[in-house]
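> kindly return the folded structure for what I paste below:
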Amino acid sequence: MSIGIVEMQEGLTSKTLEAGADEALCQTKHSGRNRLQLARS
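From the prediction side, this is the model:
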């Protein structure tokens, strides 16, 4: 299982959060299996 996580921060929209989580998910998928990636702010 690969998981992308983004932390809620003041001023971020739902679209920004979704894009961050999607980017983190793509990064973890390229890094291998069974990983968790926290999006950079």
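> now for residue 39: which residues touch it?
Residue 39 makes contact with 4, 5, 6, 7, 20, 21, 23, 24 under the criterion CB atoms under 8 Å, 6 or more residues apart in numbering. Where you see a C-beta, it was placed from the backbone N, CA and C, and this is true even at glycine.
> what does residue 29 give?
For residue 29, the residues meeting the contact criterion (CB under 8 Å, 6+ apart) are residue 2.
> which SS state does it fall under?
For residue 29, the reduced secondary structure class is helix; criterion used: DSSP: H, G, I helix; E, B strand; the rest coil.
> look up how far residue 19 lies from it.
Residue 29 is 16 Å from residue 19, where distance means CB to CB, to the nearest Å.
> isn't residue 35 right up against residue 28?
Yes. Assessed by CB atoms under 8 Å, residue 35 is found in contact with residue 28 at 4.4 Å.
> more neighbours: those two, which one.
With neighbours defined as other CB atoms under 10 Å, residue 35 and residue 28 compare such that residue 28 has more, 20 against 15.
> so what pLDDT did residue 41 get?
Reading off the confidence values, residue 41 has pLDDT 61.
> coming back round to it: list residues touching both of residue 35 and residue 28?
2, 3.
> in this structure residue 36 contacts residue 3, no?
Yes. Residue 36 is within contact range of residue 3, at 4.7 Å (criterion: CB under 8 Å).
> list residues touching both of the two?
Overlap between the neighbourhoods of residue 36 and residue 3 consists of residue 28, taking contacts as CB under 8 Å, 6+ apart.
> got the buried residues for whichever strand or helix holds residue 25?
Under the criterion DSSP states H and E, the helix or strand holding residue 25 is helix 14-31. Buried residues in helix 14-31, counting neighbours by 16 or more other CB atoms under 10 Å, are found at 20, 21, 24, 25, 27, 28.
> now stretch 33-41
For stretch 33-41, burial by neighbour count (16+ other CB under 10 Å) applies to 37, 39.
> burial count for residue 4?
The number of residues near residue 4, taken as other CB under 10 Å, comes to 19.
> the host helix or strand of it pairs with which strands?
The secondary structure element spanning residue 4 is strand 3-5 (assigned by DSSP H and E). With DSSP bridges as the criterion, the sheet partners recorded for strand 3-5 are strand 36-38 (parallel).
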